[in-house]
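**Student:** sequence-free structure coming up:
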C-alpha cells in the first residue's frame with residue numbers, strides 16, 4: 001500500500017496481491033478522528049468566544065482544561081486513530097479491531113470528558129478518576145500496537161519509537177494522576193509547577209513528538225516522496241531523543257541545574273532527525289502522477305518543522321534567561337508553538353495523505369480486490385483543503401502571539417480561524433466517506 005503513493009496503483013496492486021488482513025479497520029480510526037475533531041472544535045470555540053477567561057498566567061483551571069482538549073483529545077485521539085491505519089498500510093502489520101478496542105475508545109472518550117470538565121471546575125479528585133479511565137484505554141491500545149509490531153517485517157529502528165512513545169505516555173499519565181492526588185493530599189515533595197512541566201514534556205515530547213518522528217521514518221518517504229532511511233543512524237536518533245526526553249523530564253521534576261544539558265541532548269536527537277530529513281530530500285523519487293498541486297499536506301508538514309525550530313528557540317530563551325520579566329510570555333509562546341504550530345499541523349499534514357489512502361483501501365477491499373478504485377489523490381475536496389490550510393496558516397501565529405501577549409483581540413480571530421479549519425476537516429472526512437468514485441478499471445489489467 002505505501003507504493004500506491006509513489007506510482008500508479010492500478011499497475012501495482014492486483015487481485016490477490018493485497019492481503020485482506022492489512023485492510024485498516026473502519027470504526028476505531030473514524031471514531032477517534034471524530035472525537036479528536038470535536039475536542040479541537042470545542043477548544044477553538046472557547047478561545048474564540050471567551051479569550052479573556054484564558055488570559056494571564058497559564059496555570060489556571062480553564063487554561064488547563066483547554067490544553068487537555070488539545071493534547072489529549074485532539075493530538076492523542078488523532079494518533080490513536082491513525083495507528084489503526086498506519087500499522088497495516090505503512091508498517092505491514094495487521095491491527096484488526098476487536099470488541100475490546102471499541103470499549104477502549106469509549107473509556108478514553110468518557111475519561112477525556114471527565115478530565116476536561118473537572119479541570120474546568122477545579123476538581124482534582126474527579127480528574128484523577130477520569131484519568132484512570134484514559135490510562136487504562138491507552139494501555140490497552142498500546143498493548144495491541146506493540147503486539148502487532150513484534151510481528152511486523154520492518155527494522156528494529158522503525159519499531160522502537162512506538163514502544164518508547166507508549167512507555168512515555170503511560171509514564172506521563174501516571175505522573176499526571178499523581179499530580180492530581182498531590183493537589184489534595186500533598187504527597188509529592190517539590191514545586192507543583194516543576195511537576196507539571198515534567199508531565200507536560202513527557203506527554204508532548206516523549207509521546208506525541210516521538211510517535212510522529214518515529215512514524216515519519218515510514219510516512220515521510222511517501223509524502224516527499226523519497227528513499228527511506230534505515231540502519232544504525234536511525235536507531236541512534238531514536239535512542240538519543242528518548243534519552244533527552246527522560247533526562248529533561250527528570251531535571252524539570254527535580255528542579256535540577258542540569259536542565260539545559262538535558263534539553264541539549266534532546267535537541268541533538270531532533271538535529272539527527274533533521275539530518276535524515278535532509279538525506280531524504282537529496283534522494284527524491286518520482287511523485288504520484290495525479291497528486292494535486294500544490295501539495296498542501298506537504299506544506300503543512302513543512303510549516304510544522306519550522307514551528308518546531310521556533311519552539312526550540314523559545315525553549316532555549318526560557319532556559320537561558322530564567323529571571324527575564326518576559327518569562328511567562330515566553331513559556332506561553334513555547335507551549336502554543338509546540339502544541340499548535342508543530343504537533344497539530346504535523347498531524348494535519350499526515351492526515352491529508354492517510355485519509356484518502358484509508359478510504360481507497362476500504363473501497364478496494366469492499367469490491368473484493370477485483371477492480372482498482374480511483375486514485376486516492378483524486379479523492380480530495382481541494383476547496384476544503386485550501387480553506388483549512390489558509391486558516392491554519394493565518395490562525396496559528398495569531399494564536400501564539402495573542403496568548404503570549406494576553407491580547408484577546410488576537411486570540412478571538414485565531415480561535416475562529418482554527419475552528420473553521422476544524423470544520424473544513426470534518427466536512428472533508430464526511431465527503432470522502434460518502435462519495436463512491438467510479439472504478440478506473442479491472443484490477444488485473446496491469
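**Tutor:** Great, that's in hand. Nothing here was measured: the structure is a model prediction, and the numbers come from that model. Numbering: from 1, shown residues only.
**Student:** Any idea how many residues pack against residue 240?
**Tutor:** 19 (other C-beta atoms under 10 Å). Yep, even glycine has a C-beta here, placed from its N, CA and C like the rest.
**Student:** can you check residue 257 too?
**Tutor:** Using other C-beta under 10 Å: residue 257 sits among 8 other residues.
**Student:** Kindly report the same for residue 288.
**Tutor:** 18.
**Student:** How about residue 324?
**Tutor:** When neighbours are counted by other C-beta under 10 Å, residue 324 registers 12.
**Student:** pLDDT weak spots in the protein?
**Tutor:** 1-21, 55-58, 184, 186-188, 435-446 (pLDDT under 70).
**Student:** Walking through this structure, point out its strands one by one.
**Tutor:** Secondary structure of the chain (DSSP state E): strands located at 371-373, 439-442.
**Student:** list the helices and strands the first one packs on?
**Tutor:** Using 3 or more C-beta pairs under 8 Å, 6 or more residues apart in numbering; DSSP states H and E as the contact test, the elements touching strand 371-373 are helix 345-366, strand 439-442.
**Student:** what's the longest helix in this structure?
**Tutor:** Counting by DSSP state H, the longest helix found in the chain is helix 156-185.
**Student:** Now it: buried residues?
**Tutor:** 157-169, 171-173, 175-177, 179-183 (16 or more other C-beta atoms under 10 Å).
**Student:** Which secondary structure elements does that helix sit against?
**Tutor:** Contact here means 3+ C-beta pairs under 8 Å, 6+ apart; on that basis helix 156-185 packs against helix 124-150, helix 192-201, helix 210-223, helix 232-254.
**Student:** For the second one, what is the distance to the chain centroid?
**Tutor:** By that I understand helix 192-201. Helix 192-201 sits 20 Å away from the centroid of its parent chain (C-alpha atoms, centre = their mean, to the nearest Å).
**Student:** ditto for the first one
**Tutor:** How far helix 124-150 lies from its chain's middle: 17 Å, per C-alpha atoms, centre = their mean.
**Student:** same thing with the last one?
**Tutor:** Centroid separation between helix 232-254 and its chain, computed with C-alpha atoms, centre = their mean, is 19 Å.
**Student:** and the angle from it to helix 192-201?
**Tutor:** 160 degrees (axes from the mean of the first three to the mean of the last three C-alpha atoms, to 10 degrees).
**Student:** and if you look at the longest one?
**Tutor:** Using the same axes, to 10 degrees, the inter-axis angle of helix 124-150 relative to helix 192-201 is 30 degrees.
**Student:** Buried residues in helix 124-150, which are they?
**Tutor:** Across helix 124-150, burial judged by 16+ other C-beta under 10 Å covers 124, 127-128, 130-135, 137-138, 140-142, 144-145, 148-149.
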